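Chemist: dropping a prediction and its sequence here:
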Amino acid sequence: MRSLDLRLLAVFDAILREKSVTVAGESLGLSQPVMSQSLSRLRDYFGDQLFVRTSEGMMPTPRALSLASSVGEVLGIVSQRFEPPRTFDPCTSSRTFSFFATDFAAAILVPSLMARFRPHSPNLRVRALPMRPKGMDEALESGEVDLAFGNLSEFGTGFYQTGIYHSDYVCLARGDHPEIRETLTVQQYLSASHALISPLPPGYDGLEKFLRDMLDPARIVLCLPNFFTVLTFLPQSDMLVTMPRRAGTTAARIIGAQVLEPPVKIPGFDVKLFWHERFHKDLANQWFRNQVREAFNDR
């Protein structure tokens, strides 16, 4: 049996519906010559005129009428199985959205996301994953993870990115520090004991290198595994901690610490959002990207 181009079935269906080759072509975005050629191929394939010009338009022959339901069924299956969904409804979806982020970036983002989801999208779920030294690109490409955001180098070909915000750094000191109140001098900064988050997540290691180059090694007296540990030790310590501004201000608000401007110039960084090109036009991924951007803008 000869193969039949599915596009010809769409032409058949449109002529049957519109009773006009010209109007059917307009509905499909096809020119008159293309429609005439398509109708000729249909007639040749089925061995029948299929549509005959009458005073009431192009009317189907008995053979065309016998084919009509089958053609409609085939086109319906193709539309249902192979065409992408035209909408994503967060109100009814039970999808799980996932992203890579640092611990504090997740802590900053998740409350805003959940506040957005809960009133209108109660069935959506969120999964925050830690940054990985390797394998994040594969996870985004496979769809295992939807997004990654942070101060990351470009993933390379096959990935999209957009800027979220630019960040600088702040220093934290406990609220009742015996020597530091509201401002911080260069001398105080260089002579103070420092806690350092090390190793920092991928993309953030520039801060550690900067501090190790600038400070006397004896001044770095504590290394912490992540930003969250700052919450537990700083209220009982006279040490300083240098952190990204949003993470630092969030931590300070929780534990009542002082937020101080660094007296030395520390290069800032850009936080970007990344996703794989496979999901660039995926409606759910598009919706989630917008929610992440808006959640950060709310901060």
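Modeler: Sure thing, it's come through.
Chemist: could you use CA atoms for every contact and neighbour count after this?
Modeler: OK.
Chemist: report the separation between the closest residue to Ile254 other than its chain neighbours and Lys272.
Modeler: Computed as C-alpha to C-alpha, 6 or more residues apart in numbering, the closest residue to Ile254 that is not its neighbour in sequence is Leu231, at 7.7 Å. Distance, Leu231 to Lys272, using C-alpha to C-alpha, to the nearest Å: 26 Å.
Chemist: the two: which has the busier surroundings?
Modeler: Shown here are Leu231 and Lys272; by other C-alpha atoms under 10 Å, Lys272 has more neighbours (19 against 14).
Chemist: contacts only, for that one.
Modeler: Counting by C-alpha atoms under 8 Å, 6 or more residues apart in numbering, Lys272 touches 149-152, 161-165.
Chemist: in which helix or strand would I find the residue nearest the centre of the chain?
Modeler: Nearest to the mean C-alpha position of the chain, by C-alpha atoms, centre = their mean, lies Arg289 at 3.7 Å. Element membership of Arg289 [criterion: DSSP states H and E] is helix 283-298.
Chemist: check Met243 too.
Modeler: Going by DSSP H and E, Met243 is part of strand 240-244.
Chemist: list the buried ones in that strand?
Modeler: Counting neighbours by 16 or more other C-alpha atoms under 10 Å, one finds that the buried residues in strand 240-244 are 240-244.
Chemist: pull the CA atoms of that strand into CSV?
Modeler: Only the C-alpha atoms of strand 240-244 are listed here, as CSV (Å, rounded to 0.1, in the frame of the first residue of the first chain):
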residue,chain,number,x,y,z
LEU,A,240,33.1,38.0,61.0
VAL,A,241,31.5,36.2,58.1
THR,A,242,31.5,37.6,54.5
MET,A,243,28.4,36.5,52.5
PRO,A,244,26.4,37.4,49.4
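Chemist: next, Pro119: phi, psi?
Modeler: Backbone geometry at Pro119, expressed as degrees, to the nearest 10, gives phi -60, psi -40.
Chemist: gap between the residue lying farthest from the centre of the chain and Ser20?
Modeler: The outermost residue of the chain relative to its centre, with distances by C-alpha atoms, centre = their mean, is Ser55 at 55.8 Å. To Ser20, Ser55 is 11 Å away according to C-alpha to C-alpha.
Chemist: run through the helices of the stretch 101-250 of the chain in chain order.
Modeler: Along the stretch 101-250 of the chain, the segments classed as helices by DSSP state H, counting those that start in this stretch run 103-120, 136-142, 186-191, 205-214, 230-233, 245-255.
Chemist: helix 245-255 and the longest one, what's the angle between them?
Modeler: Pointing back at helix 103-120 there. Angle of helix 103-120 versus helix 245-255, following axes from the mean of the first three to the mean of the last three C-alpha atoms, to 10 degrees, is 80 degrees.
Chemist: what packs against helix 103-120?
Modeler: helix 245-255, helix 283-298 (3 or more C-alpha pairs under 8 Å, 6 or more residues apart in numbering; DSSP states H and E).
Chemist: any idea how far it is from the middle of the chain?
Modeler: Between the centre of helix 103-120 and the centre of its chain there are 14 Å (C-alpha atoms, centre = their mean, to the nearest Å).
Chemist: now do the second one
Modeler: Its chain's C-alpha centre lies 12 Å from the corresponding centre of helix 136-142 when counted by C-alpha atoms, centre = their mean.
Chemist: what helices or strands is that helix leaning on?
Modeler: Using 3+ C-alpha pairs under 8 Å, 6+ apart, helix 136-142 sits against strand 147-150, strand 269-276.
Chemist: include distance to Gln258 and mean pLDDT when you put the ones you listed into JSON lines, please.
Modeler: Shown next, in JSON lines, are the helices and strands packed on helix 136-142 (distance: least, C-alpha to C-alpha, whole Å; pLDDT from 0 to 100):
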{"stretch": "strand 147-150", "distance to Gln258": "25", "mean pLDDT": "90"}
{"stretch": "strand 269-276", "distance to Gln258": "22", "mean pLDDT": "91"}
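Chemist: which one is Thr22 nearest to, not counting chain neighbours?
Modeler: Thr22 sits nearest to Gln32 (C-alpha to C-alpha, 6+ apart), 6.1 Å away.
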